[in-house]
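Enquirer: Provide a 3D model corresponding to the input given below.
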Amino acid sequence: MNHPLRELLDGTGPFLLLPDAVLLPEGPAEGMAVVVADGSFAAVGDAAQVQLTHPHLDPIRLPGHLLMPGFVDAHHHLTQTFGSALAYGEPSEIFRRVWVPLEGALDEESAYTSAKLAALEALRGGFTTVTDAGNRTGVDIDVVARAARDAGIRCVLGLVCDDVEPGAVGPGGPGSGGAGSSGAGSSGPDSSGAGSGVAGSGGAQREEEHLARYEGDALVHASLAVSIPEAATTATLRRTARLAAEAGAIVQIHVNEHLAGVERSLVRHGLRPLEHLHDVGALGPHLLAAHATLLTPRELTLLADTGTAVSYNPVASAWKGNAVAPAATMAERGIRFGLGTDGTRGDGFRLTEAAEFAQRLAYGLAIGDSSCGAGWTWLEHATRGGADAVGLGARTGTIAAGLAADFLLVDVTNPELALSWDLPWELVRRGNRDQISAVFVAGRLRLWRGLPTGWDGPALVRRAAGLARAAVERAPITRAHPTSTTARARSAAR
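Expert: Residues are numbered from 1 along each chain as shown. Down below sits the predicted model:
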């Protein structure tokens, strides 16, 4: 590899980088230098001044490259990777038919491999942080933490705290948390897999131990999770909110994602899911509401007034959702939100494009809004805004001194980006993962031109292919629609 970054492969700094431009919150800035040391940005500023104050460092010039924050995936399910393609063409709320059976078929090795494969895909797509909403594998959640560390990606790791089995409590039953006969969950390559089953005994002690387990960890940050509001009693919703707030962590809950879930909540509580969470005192800066696609004006006000964050997952809406979250309105109202893949595809640039595109189709066309966030909105919420939404705003998401050195080097000499008139817009509309030369997490080079450093990515993919086939074959998965080739044959026969 004949490139100045070769010398960084085995080191952690300090080093001084001189890219063509640095993407700051206010926009791309030329003539900048960045110093990385001990996993963080030690200095970010005018190149001449930074070199003057760091004379012991030989500058590493990066012509043709933009240095920008790594993307933050605000919603993922790392142990559902083996079944991502099973969701194509499927209706919403498929957790019973696909995700619970699939995750239940995973053992420790396959859960680890699934999570590491998801982390590799995320790194290839420019994500330096992934937010895992929990799983139903039954294996120790530290398996997922180990996979994230071994891959070299930052991970917000959710422990599911559900304490109501689907169907265990009917409308108006004890705790006002019954999941009803329809079941609790979501869908997607995504959604309501947020569980390792019902928490059962342990309760607060189990949650406190999880929050303490990763204190001081360089890459793993503990989180609590409830699959959907109806999967937990009122006591659990209140307790998880309190514990997370006290620990400076977040609680992840799938909220207002599908019509069926909204209607079940209305029948059970006389309130929509988000209203129910507010009624029990669970809203606040500690809560990350995943999806939130079906919101009334009143619910938007609740989000704004309480400081609750949202994960806007536009690709999930396109693949199996009932609606698109009103993210442009959220931005205007000051509602905190990040962008999430929901495990659909791990390409940060395509996610920002989907975020803008979905707003334009769902809202902008009808009112003549041809800007729909002016490009920068989606870059902002895919990086700094996403970090804030998942509770890491003081740690990552921005190129600034003192924050973790989680960043990308993007080649801007390619045909898509070289003729630049408005780089933020071009990154949103024309950027893709093939343009990412390098991915750094905590100051270390984790990915170079699509391949991980320090471990064998292709070997992992080969191993995952075998494990995935075995897991899918033994899982009692039921699909509503046939594969595309079968559907084509049926169409031809008709």
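
Enquirer: Could you pull up phi and psi at the residue lying closest to Thr306 once chain neighbours are set aside?
Expert: In space, and not counting its chain neighbours, Thr306 is closest to Leu283: 4.1 Å by CB to CB, 6 or more residues apart in numbering. (Glycine included, C-beta is placed from N, CA and C.) Phi and psi for Leu283, reported as degrees, to the nearest 10, are phi -80, psi 160.

Enquirer: Pull up the per-residue confidence for Leu283.
Expert: Looking at Leu283, its pLDDT reads 98.

Enquirer: Use 652 as the first number for this chain going forward.
Expert: Taking 652 as the first residue, the last one we looked at is Leu934.

Enquirer: got the contact list for it?
Expert: Counting by CB atoms under 8 Å, 6 or more residues apart in numbering, Leu934 makes contact with Leu925, Leu928, Leu953, Leu954, Thr957, Thr959.

Enquirer: Domain-wise, how is this structure divided?
Expert: Domain assignment of the chain by automatic domain parsing yields the ranges 655-719+1050-1103, 722-1040.

Enquirer: out of those, nearest to Ile1128?
Expert: domain 722-1040 (5.0 Å; CB to CB).

Enquirer: hmm, back to that, JSON lines for the contacts of Leu934, including distance to Val790 and neighbour count?
Expert: Listed next are the contacts of Leu934 as JSON lines, based on distance: CB to CB, whole Å; neighbours: other CB atoms under 10 Å:
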{"residue": "Leu925", "distance to Val790": "32", "neighbour count": "30"}
{"residue": "Leu928", "distance to Val790": "29", "neighbour count": "28"}
{"residue": "Leu953", "distance to Val790": "36", "neighbour count": "19"}
{"residue": "Leu954", "distance to Val790": "34", "neighbour count": "25"}
{"residue": "Thr957", "distance to Val790": "35", "neighbour count": "19"}
{"residue": "Thr959", "distance to Val790": "31", "neighbour count": "27"}
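
Enquirer: I'd like to know which of these is nearest to Gly678.
Expert: Leu954 (27.6 Å).

Enquirer: how near is the closest one to Arg984?
Expert: 8 Å (CB to CB, to the nearest Å).

Enquirer: still on that earlier bit, out of the domains of the chain, nearest to Ala1119?
Expert: Closest to Ala1119 of these is domain 722-1040 (CB to CB; 3.8 Å).

Enquirer: Endpoints of the closest one, how far apart?
Expert: End-to-end distance for domain 722-1040, by CA to CA, to the nearest Å: 13 Å.

Enquirer: just stretch 728-736 next, same as before
Expert: Stretch 728-736: ends 14 Å apart by CA to CA.

Enquirer: What of stretch 965-983?
Expert: Across stretch 965-983, first to last residue, CA to CA, it's 18 Å.

Enquirer: Report the buried residues of it.
Expert: 965-968, 970-979, 981-982 (16 or more other CB atoms under 10 Å).

Enquirer: Repeat that for stretch 944-961.
Expert: Thr944, Leu945, Leu946, Glu950, Leu951, Leu953, Leu954, Thr957, Thr959, Ala960, Val961.

Enquirer: Kindly report the same for stretch 1062-1077.
Expert: For stretch 1062-1077, the buried set under the neighbour-count rule, 16+ other CB under 10 Å, comprises Asp1062, Val1063, Glu1067, Leu1068, Ser1071, Leu1074, Pro1075, Trp1076, Glu1077.

Enquirer: List the contacts of the closest residue to the fifth one other than its chain neighbours.
Expert: The shortest distance from Ser1071 to any residue that is not its chain neighbour, by CB to CB, 6+ apart, is 5.8 Å, and that residue is Glu1077. Shown here is Glu1077, whose contacts under the criterion CB under 8 Å, 6+ apart are Glu1067, Leu1068, Ser1071.

Enquirer: sorry, back to before: taking the domains of the chain together, which one is wrapped up most tightly?
Expert: Comparing these by mean neighbour count (mean count of other CB atoms under 10 Å), domain 722-1040 ranks first with a mean of 23.

Enquirer: just to revisit the earlier point, can you redo the buried residues of stretch 1062-1077 as a markdown table with secondary structure?
Expert: Output for the buried residues of stretch 1062-1077, formatted as a markdown table (DSSP: H, G, I helix; E, B strand; the rest coil):
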| residue | secondary structure |
| --- | --- |
| Asp1062 | strand |
| Val1063 | coil |
| Glu1067 | coil |
| Leu1068 | coil |
| Ser1071 | coil |
| Leu1074 | helix |
| Pro1075 | helix |
| Trp1076 | helix |
| Glu1077 | helix |
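
Enquirer: Tell me which of the residues you listed has the lowest pLDDT.
Expert: Ser1071 (88).

Enquirer: Quick check: which of the domains of the chain is nearest to Thr1134?
Expert: Among the domains of the chain, domain 722-1040 comes nearest to Thr1134, with 8.4 Å by CB to CB.

Enquirer: re earlier: most widely separated two among the buried residues of stretch 1062-1077?
Expert: Asp1062 and Trp1076 (17.7 Å).

Enquirer: quick one: Gly912 is in a strand?
Expert: No. According to three-state DSSP, Gly912 belongs to no strand; its state is helix.
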